[in-house]
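**Q** Generate coordinates for the sequence data below:
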Amino acid sequence: MLNERETILALEEAMRGNVRFWERQGYDEREAFIKAIEEVEEMTTDPSSPCGEKLDVATKAKFIEYRKLDLGL
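**A** Prediction:
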């Protein structure tokens, strides 16, 4: 399982990629962030890891909570 720092780095990388993807699909920035958060909520492993190491669940929950607060959700 990834530690707190590794989990945050993995989630930030995934968020960046997801936001870029949804913006290219025609979503505005806010909508793209919402879609990216929804995708991150479904993740249980690091998508960039060839072994699919598990994310730290508590850190992931905090990460999502703060991103939602940033958007006013």
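**Q** Look through the chain and tell me its longest helix.
**A** As assigned by DSSP state H, the longest helix anywhere in the chain is helix 4-24.
**Q** And for that one, what's in contact with it?
**A** Residues outside helix 4-24 that contact it (C-beta atoms under 8 Å, 6 or more residues apart in numbering): 2, 29, 31-33, 35-37, 39-40, 43, 46-49, 53, 55-56, 59-60, 63, 67. Bear in mind the C-beta positions are built from the backbone N, C-alpha and C, glycine included.
**Q** Tell me where the model's unsure across the chain.
**A** Applying pLDDT under 70 to the chain flags no residue at all.
**Q** picking that back up, hmm, which of the contacts of helix 4-24 are the buried ones?
**A** Neighbour-count burial (16 or more other C-beta atoms under 10 Å) applied to the contacts of helix 4-24 gives 2, 32-33, 35-37, 39-40, 43, 46, 55-56, 59-60, 63, 67.
**Q** can you tell me which of these are in helices?
**A** Using DSSP H, these in helices are 32-33, 35-37, 39-40, 59-60, 63, 67.
**Q** dump the residue contacts of Glu53.
**A** Counting by C-beta under 8 Å, 6+ apart, Glu53 has contacts 1-2, 6, 45-46.
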